[in-house]
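Enquirer: sequence? don't have it. structure:
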């Protein structure tokens, strides 16, 4: 592996009738991204403001998130 991690991420689009999860959240149905993220969580008592703030932080500081956002923008 030459010192690099390898990970198979699967499809960037959810199967028909399924909600997006994992990397799909950065590309698919981003207009409802916060709701989609909250629906992925098993706990029902999550503050949407916190989820939104965390998403913004990741958008700004995480290189992988930036890469997924570029892929989304390219295929919109």
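Expert: Done, it's in. Model, not experiment: these values are computed from the prediction.

Enquirer: tell me if I'm right that residue 65 and residue 26 touch.
Expert: Yes - between residue 65 and residue 26 a contact is recorded at 6.3 Å, counting by C-beta atoms under 8 Å. Any C-beta I mention is one placed from the backbone N, CA and C, and that applies to glycine too.

Enquirer: ok, these two, which is more surrounded?
Expert: Per other C-beta atoms under 10 Å, whichever of residue 65 and residue 26 has more neighbours is residue 26, with 22 against 17.

Enquirer: that one and residue 66 touch, don't they?
Expert: No - checked against C-beta under 8 Å, the pair residue 26 and residue 66 is beyond contact range at 9.5 Å.

Enquirer: what residue ranges in this protein score low on pLDDT?
Expert: Scanning the chain for pLDDT under 70 picks out 1-3, 5-7, 42.

Enquirer: quick one: the strands in it?
Expert: For the chain, applying DSSP state E gives no strands.

Enquirer: tell me where it has helices.
Expert: Using DSSP state H, the helices of the chain run over 33-40, 48-61, 63-75.

Enquirer: can you tell me which of the ones you listed is most buried?
Expert: Ranked by mean neighbour count, the helices of the chain are led by helix 33-40 with a mean of 16 (mean count of other C-beta atoms under 10 Å).

Enquirer: tilt between that one and helix 48-61?
Expert: Angle between the axes of helix 33-40 and helix 48-61 is 110 degrees (criterion: axes from the mean of the first three to the mean of the last three C-alpha atoms, to 10 degrees).
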